[in-house]
Each structure stands twice: as structure tokens, then as C-alpha cells.
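# Quick one: sequence plus predicted model below, questions after.
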Amino acid sequence: MKTQISIIVCTYNRDKYIYKTLEHIAQNDFPKQHYEIILVDNNSTDRTVPECARFRQNYPDIPFFYFLEANQGLSFARNRGIAEARGDILVFLDDDAFMHKNYLHNLKNNLKNHPASAFGGKIIPEYETGQPPVWMSKWSYIWVSALDKGDKICLFEGKSFPIGANMGFRRTEIPADGFNTTLGRKKGNLMGGEEKDIFNRMKAREAKIYYFPDVEVRHIIPEKRTTRAYIRQLALGVGMSERLRTRKISGTAYLKRILSEIIKWGASCTLCLGYLLKCTPQKGTILIYFRWYVTRGLLSADSKIPR
């Protein structure tokens, strides 16, 4: 029987969460013969392999396939997942994201009723500290790879696009060269841009990219991802990724991105002032902190993120 959905989980040193991520997929209310799990291990050095073996032993009826991708980098791992998958629908799930039990059932219904070339779902952050950081606002929500566009199905329009912790594609709609391997995370760095790049290429040919609110995951947010040190590394990664992405397009595209950064500075300063007046300075000052390091990364000729 033909596989309908391939769930691709790319992982690097997340043995603390990977078993639970796989287990939540296995507990979905969906026929097992209609989906498969593709696990792409990007050179993990922890207990990822034994945890995968434990999952295979405990869930022998789940179509589960393990692959080692030697080329370091999330984009390499994602492209390997695409190459190994057999499904018509490809779902990408982070290795610390826990799928809702009705995820696959809801996804099948949504794709049946909407002409989506690609899609993204709701991502609810689950903080290991039990509560969000004091600097959290709707403007910084995305920094923890969270997404909530409400409870109605809609299109990702303008500059918006799905987040990699919970996104997917129809196989026939993915660009032939897949994810840009010069972008994306490698080991511990926080480079990105590969998701924005692939969705921008799809939008350029007028592909429809939908938001499905009932295709939901919970995303684990460790305490270290709420620190200023992490935000600095994230911002630098965003800036450097944007430099690489836009310069590859053209010098003009890079200059436009710099002009956009100037506009973003104006918006960040305005928001910061507003939060100061509301007596919630942490929410405002973190926006300036983030913007400063994005700009540094954008203007830096160095391809390495300083630590």
C-alpha cells in the first residue's frame, strides 16, 4: 500500500527529546500503513542511536527508517530526508517538537480541501522553566520558533512563511534543488534563512502556502534558549544568513535588505519606547538588543558567528 505521508525528523544531539518526539508521532490516530517516519541523524555524538533503537523495539509496527547524513548541516539533512522519503506529502518536524494525536488526520483533511503546495501549522512553545521569559512579546514570539496565526485556515501572504519546526510540502511542489545548503544551522551555530529561501522561491511561482491551525505541535524551549547569550547568537545568525541569501540573489537584493534593516530599526525603536511607557522595559530593550546583532551579522563579511 502506497505511503501517503512521510514525516522527516532531522536531528543533531537531541537524545533528551528524540524518543518522545518519535513516540508522539506513533501515538497519532492515523493508519500506520499510510505514513512513515524518516529519521536523519546529522552526525550526533550523544545517545541518539540507542534512543532510535529503543523506539524501533517498542514500536515495531511503525514504519521507521534511520539514515545517517555525513554532510554537516540542517539543509543537507533535510535534503537527505526528501531523497529517502516515499510519501506524496512531506512533513518536517523538529527533533524537540511533539505532534498532536490528531495531527495526521487533520492534515489529510486539510490537504483534501485546500490546494496547498506547502503548509505550516501551529507551534505552541512549552517552556522547561514553566513560564515564558519576561521579555516575551508578540514581536519576539518567533525567536523561540513559535507560531500562532489564530484558529482559522489562511494563506501565508507577504513576507510570512511557515517555521521549520512544523512545516510540509507536496512532493511535486518542492523546488528541484531542495534546501539551500549554504544556509541553515550546522552543529551548534544559529544560522538560518533556508526556510525563507525555499518559501520565497515557491512564492515567486505563485505557489499557495497555507496555515493549518489544527496541524499542531508543542515545541520544547529549554531555559538556555531564553537567555541573552542565545538571543545574541540567534540574531547574528539571522543577519549573516540574510547577507548570504540576498547577496546570492544580487547586489541590489542585498542593498534592499540593508534598507529594510533601517526601517526595522525605526520600528524597533518605536516599539521599545512604547514598552517603556507601559512599564515593561524588558520587552522593549530586548528588541533593540536583537536588532543590533542582526545588523552586525548583516554587515559582517565574516561567515563565522562570533561567540
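The structure has been received and is ready for your questions. Small disclaimer: the values here were computed from a predicted structure and weren't measured.

# Check which helices and strands the one helix or strand residue 109 maps to is in contact with.
Counting by DSSP states H and E, the element that carries residue 109 is helix 103-113. Counting by 3 or more CB pairs under 8 Å, 6 or more residues apart in numbering; DSSP states H and E, the packing neighbours recorded for helix 103-113 are strand 5-11, strand 89-93, strand 118-127, strand 209-221. The C-beta positions use only the backbone N, C-alpha and C, and glycine is treated the same way.

# Keeping just the C-alphas, turn it into CSV.
Provided in CSV are the C-alpha atoms of helix 103-113 (Å, rounded to 0.1, in the frame of the first residue of the first chain):
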residue,chain,number,x,y,z
TYR,A,103,-2.1,15.9,13.5
LEU,A,104,-2.0,13.5,10.6
HIS,A,105,-5.8,13.0,10.4
ASN,A,106,-6.3,16.8,10.3
LEU,A,107,-3.5,17.3,7.8
LYS,A,108,-5.0,14.8,5.4
ASN,A,109,-8.4,16.5,5.6
ASN,A,110,-6.9,20.0,5.2
LEU,A,111,-4.9,19.0,2.1
LYS,A,112,-8.0,17.3,0.6
ASN,A,113,-10.0,20.6,0.9
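
# Adding distance to residue 180, mean pLDDT and mean neighbour count, write the helices and strands packed on helix 103-113 out as TSV.
As requested, the helices and strands packed on helix 103-113 are arranged in TSV below (distance: least, CB to CB, whole Å; pLDDT from 0 to 100; neighbours: other CB atoms under 10 Å):
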stretch	distance to residue 180	mean pLDDT	mean neighbour count
strand 5-11	15	98	25
strand 89-93	15	98	25
strand 118-127	16	96	21
strand 209-221	17	97	21
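
# Pipe those strands into a markdown table and attach distance to residue 254 per row.
Below are the helices and strands packed on helix 103-113 laid out as a markdown table (distance: least, CB to CB, whole Å):
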| stretch | distance to residue 254 |
| --- | --- |
| strand 5-11 | 29 |
| strand 89-93 | 28 |
| strand 118-127 | 26 |
| strand 209-221 | 25 |
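
# before we move on, back to that, let me see the residues that make contact with the helix holding residue 109.
Contacting residues not belonging to helix 103-113 are listed as 4-5, 28-30, 35, 89, 91, 100, 116, 119, 121, 153, 168, 170, 210, 212, 214-217 [CB atoms under 8 Å, 6 or more residues apart in numbering].

# same thing but at 10 Å, please
4-5, 7, 24-25, 28-31, 34-35, 88-89, 91, 93, 99-100, 102, 116, 119, 121, 153, 166, 168, 170, 210-217 (CB atoms under 10 Å, 6 or more residues apart in numbering).

# what do you get for stretch 287-294?
Contacts of stretch 287-294 (CB under 10 Å, 6+ apart): 135, 137, 139-140, 143, 228, 231-242, 261, 264-265, 267-272, 275, 305-306.

# Buried residues of it, list them for me.
287, 289, 290, 291, 292, 293, 294 (16 or more other CB atoms under 10 Å).

# likewise stretch 143-154?
In stretch 143-154, counting by 16+ other CB under 10 Å, buried: 143, 144, 145, 146, 147, 153.

# repeat for stretch 251-268
254, 257, 261, 268.

# ok now do residue 281, which residues does it touch?
134, 135, 272, 275.

# redo that, cut-off 8 Å
Contacts for residue 281 were tallied using CB under 8 Å, 6+ apart; they are residue 275.

# Quickly note the distance from it to residue 275.
With distances taken as CB to CB, to the nearest Å, residue 281 is found 6 Å from residue 275.

# ok, now residue 248?
In terms of CB to CB, residue 248 sits 36 Å off from residue 275.

# And for residue 32?
49 Å.
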